[in-house]
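Colleague: Here's a sequence, model it:
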Amino acid sequence: MNILVMDDIERDRSVLIDKAKKWGVLHSVPLTIQEMSHAACNSPAMRTYQDVDVIFLDIEMPGLDGMSLAKCIREQNARIEIVFISSHSEFSLHGYNVHAADYLCKPISNARLYNVLDYVQKRLSYKEGQPIIALKRGTGVDKYYVSDILYVKARLHTVEVVTAEGAQSYNISIGEVQPMLPPDRFVRCHRSCIVNVNKITVVESKSQLKVRLVTGETLDIGRSYFESVKSAVLSDKNGVL
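Modeller: As a prediction, the model looks like this:
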């Protein structure tokens, strides 16, 4: 597990790191821990954050505050787990805006920290071996677990990658994205849309050809793609895919 602890108070960083190391020993989980005293939202910093699994982020820091950094990270990466740490509980509600995993008040107890690390480890275990695709955006790179992608849709000269957490556009064609996606998990349902078969709950074929996703959203199916979509969904339900 790759952990980043960002707090401008050295003692608080050390205490959290020591507790995390003890959790790692107890659970036989190898940890790689980085620490930083301040936040940055530039290109070099974004590259540093890409391989982090969980960031423990102090909200009140000089310069760029933790909440602003979290928004910056979340704009480019939906995969990293963000855990806020602060001495003031009134900030906790703001964490929902960036899909934070948790909010820990100082002084951080072993029980609270261990619960968070247990959660992150379960997420990582679930994702272990999952394919990842990387897409360039500006000077940064966004990484997605393919299992988190609902669908990819072409819009003019760009594509949108849509997950449960939102959508992000990239200056790339849908034809360039399709080879990155595992063909046993994704099927083209329209000339402008590729859908994750595992996210389809219903294929509707009465008045209009549509697929309904686990989120409740529906997507149109092009008539020439209907049979391949139906076949992929039937195979998936039978445990073939």
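Colleague: tell me which element residue 74 falls in.
Modeller: helix 66-76 (DSSP states H and E).
Colleague: gap between the two ends of stretch 154-170?
Modeller: Stretch 154-170 has an end-to-end distance of 10 Å (criterion: CA to CA, to the nearest Å).
Colleague: Please apply the same query to stretch 51-59.
Modeller: First-to-last residue span, stretch 51-59, CA to CA: 21 Å.
Colleague: Quick one: residues in contact with that stretch.
Modeller: For stretch 51-59, contacts defined as CB atoms under 8 Å, 6 or more residues apart in numbering pick out 1-9, 12, 16, 34, 39, 49, 65-67, 69-70, 73, 80-86, 88, 91, 101, 104, 116-117, 120, 124. C-beta here means a position set from N, CA and C on the backbone, and glycine is covered the same way.
Colleague: Please parse the protein into its domains.
Modeller: Domain segmentation of the chain under automatic domain parsing yields 2-127, 132-237.
Colleague: tell me which residues in the helix holding residue 74 are buried?
Modeller: 66-67, 69-70, 72-76 (16 or more other CB atoms under 10 Å).
Colleague: next helix or strand past the helix-or-strand element of the chain with minimal mean pLDDT?
Modeller: Ranked by mean pLDDT, DSSP states H and E, the weakest helix or strand in the chain is helix 43-49, scoring a mean of 72. Next along the chain after helix 43-49, taking DSSP H and E as the criterion, comes strand 54-58.
Colleague: can you give me the angle that next one makes with helix 66-76?
Modeller: 150 degrees (axes from the mean of the first three to the mean of the last three CA atoms, to 10 degrees).
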